[in-house]
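A.B. asks: need a structure here:
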Amino acid sequence: MKSNAPLRGRLLTVLGACLATMLLGLTKNTHYLGLIQMFKASHALRFQDVPTATMSTDMLCDACKRATVGVHFSCVDRIQRYVAGGSLFKEAQEIVSGEYRECSLCHVNTCQSIDNTGYRPSASNNGNQAGTSAADAENAKMNSVTSQASSLKNLTNYDLLLKESMVPFSNVTTAAYFPLSFYSGYRNQGMVFNGFVMKCIELNHSQILLSSIKWKDQFGTNKRIQHDLLFDVVHWNSFYPELPRFVTYDHTLHWQVEGNRWRINSPLVNATLPYAVAKTQKQMFIHYRRYTKLLAQNTKMQRDPVDTLMLQGAFRPHPGIQEIMDRYLERVLGVSDDTSYIALHARVEPDMQKHPVCRDKKVIKLQDIFDMLHQKFEEPPVSKVLIMLGRHLLEQEDESNEIAKENLQLLNDAIDNGLWDGRVQVFEAGSDILEKSKYHEFAPSIGGSIVNYFFAVQADLFVGTEVSSFSTDVVTTRFVRGNVKNYKYLPEGIVQTTSETTAAPPPFAC
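C.D. replies: Below you'll find the model as predicted:
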């Protein structure tokens, strides 16, 4: 019988060469390993089996060091697809195979730009140009992208990141909001959204079907608007897996729902592609309200980490809206040393006059609120006041409504002449600052509410009312972010809502 020793020897030689090549590849790709470390540290992935000692961030460019995880989401996506178990050997294989090259955003050796057809490099990335090496051709191509990728506010760049960040994973489950859209005012919808996200994590769903989350422009066009048109999904998805990531529709993974209809019977029971979650909007609203009520009643109860992430900033406006807000605030506040402002939510619109709940807590005259402000703060604590109310609702009201007529006159006078004897400037924001943008066309009402909400969150001091879910949510968000300068007006005057000793902000109860 012939000996197999020569064959075994050749196989061992080849295996040894491969191992040496992989080790060399790992050495040359410390930037790639550094990215894994960065993602792991920021909770983007759980690579428990990757030895930290082999990783280095020395070669990270400045852009990568300060960027959100979303900037390199294509790398994250492919790493998770290829290396679901965290196998260093498989990572080495992918590196040696040449699939991880220059990042299309930072131009440093880490990964190659990908398309959405199975996470493979685009064929166009492999071609040679006359008189130029493949690497040089790749460098030239990526340079044109790099020059446009300095900020997430570059909306062209954001759209590219958005597309990459929402490709669905096949090895985790996806949830869809069963009713397929929200309704009601902005923050009522917001509480439903928060409750739904918390329920998804509770049920171990790691993805949310984007097309099932639509917000209603309640007092404007009355149309339903898909979530990614209003909010920053790239930023949100960078918190995966602590938060479920939004994903686009896949005909294989999500065939049981399409558009605005479910394609199978009894989806709450039978649907798995995707799973149907939340029988009704009211169910999610009650779910979240019950949770916030328990937080206020039980001082030892910890806030759900999912809720905390959303309130701390994972949930934020679309970069296009945020850019408009930033420019407006810079113009209003100017370049003076004092850029502080109060956000005043004056809920005195005609519908609040008619609202039957919590009448003993209402203040429906703007003059009363202004008088309370002057009494509470004899000297103005800030240089400007942002007043938030539905001006258009006052303007549209019938002349016979004397209170609405008086409130509108007082609003105009405050804008023209200020408060505290003219020492404090008063300004408005809301939908007016979106007037010349595309957002005013399809989301004039909810867009304005988003603007006011996030302006109120970042204000130095907030004054609102407990009869409004908008005010309640602003106080909660500010409290979670460490700002306790929150007040509410009642018929008897203005009182502080939260302080340094507050265990939890009061829940919405009206």
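A.B. asks: contact partners for N452?
C.D. replies: Neighbour list for N452: A343, H345, L386, M388, A429, G430 [criterion: Cβ atoms under 8 Å, 6 or more residues apart in numbering]. Where you see a C-beta, it was placed from the backbone N, CA and C, and this is true even at glycine.
A.B. asks: could I get the residues you listed as a markdown table with neighbour count, secondary structure and pLDDT?
C.D. replies: A markdown table is the format used below for these (neighbours: other Cβ atoms under 10 Å; DSSP: H, G, I helix; E, B strand; the rest coil; pLDDT from 0 to 100):
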| residue | neighbour count | secondary structure | pLDDT |
| --- | --- | --- | --- |
| A343 | 26 | strand | 98 |
| H345 | 24 | strand | 98 |
| L386 | 23 | strand | 97 |
| M388 | 25 | strand | 97 |
| A429 | 22 | coil | 96 |
| G430 | 23 | helix | 94 |
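A.B. asks: as JSON lines, the residues you listed with distance to F196 would be great.
C.D. replies: Converted to JSON lines, these look like this (distance: Cβ to Cβ, whole Å):
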{"residue": "A343", "distance to F196": "27"}
{"residue": "H345", "distance to F196": "25"}
{"residue": "L386", "distance to F196": "30"}
{"residue": "M388", "distance to F196": "26"}
{"residue": "A429", "distance to F196": "28"}
{"residue": "G430", "distance to F196": "26"}
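A.B. asks: so where's this structure uncertain?
C.D. replies: 1-154, 335-338 (pLDDT under 70).
A.B. asks: which parts of it are strands?
C.D. replies: 174-177, 207-209, 214-216, 224-226, 245-247, 257-258, 261-262, 275-277, 341-345, 384-388, 425-427, 461-464, 486-490, 493-498 (DSSP state E).
A.B. asks: give me the contact list for the longest one.
C.D. replies: Outside of strand 493-498, the residues within contact range by Cβ under 8 Å, 6+ apart are 372-373, 375-376, 463, 466, 475, 478-479, 484, 486-488, 505-506.
A.B. asks: got the buried residues for that strand?
C.D. replies: I494, T497, T498 (16 or more other Cβ atoms under 10 Å).
A.B. asks: of the contacts of N452, closest to P274?
C.D. replies: Nearest to P274 among the contacts of N452 is G430, at 35.2 Å by Cβ to Cβ.
A.B. asks: give me the nearest residue to I213, chain neighbours excluded.
C.D. replies: Of all residues not flanking I213 in the chain, H227 sits nearest, at 4.1 Å (Cβ to Cβ, 6 or more residues apart in numbering).
A.B. asks: do I have it right that that neighbour meets L210?
C.D. replies: Yes - with contact defined as Cβ atoms under 8 Å, H227 counts as touching L210 (6.1 Å).
A.B. asks: mutual contacts of these two, please.
C.D. replies: Joint contacts of H227 and L210 (Cβ under 8 Å, 6+ apart) are V233, F246.
A.B. asks: roughly how far does Q283 sit from F178?
C.D. replies: As judged by Cβ to Cβ, to the nearest Å, Q283 and F178 stand 9 Å apart.
A.B. asks: more neighbours, the two?
C.D. replies: Counting neighbours by other Cβ atoms under 10 Å for Q283 and for F178 shows that F178 has the greater number, 21 against 16.
A.B. asks: around the closest residue to that one other than its chain neighbours, how many other residues sit close by?
C.D. replies: Of all residues not flanking F178 in the chain, A276 sits nearest, at 4.3 Å (Cβ to Cβ, 6+ apart). For A276, the neighbour count with other Cβ under 10 Å is 23.
A.B. asks: let me see the contact set for V382.
C.D. replies: Per Cβ under 8 Å, 6+ apart, neighbours of V382: D338, S340, Y341, I342, V424, D460, L461.
A.B. asks: thinking the last one is in contact with I342, fair?
C.D. replies: Right, L461. Yes - counting by Cβ under 8 Å, L461 touches I342, with 4.7 Å between them.
A.B. asks: between the two, which is the more surrounded one?
C.D. replies: Neighbours were counted for L461 and for I342 using other Cβ under 10 Å; I342 has more, 25 against 18.
A.B. asks: give the bridge partners for the more buried one, please.
C.D. replies: Note on I342: beta-bridge partners V385, L461, judged by DSSP bridges.
A.B. asks: run a quick neighbour tally on R316.
C.D. replies: 16.
A.B. asks: OK, contacts around it?
C.D. replies: Counting by Cβ under 8 Å, 6+ apart, R316 has contacts F231, D232, H235, Q322, F454.
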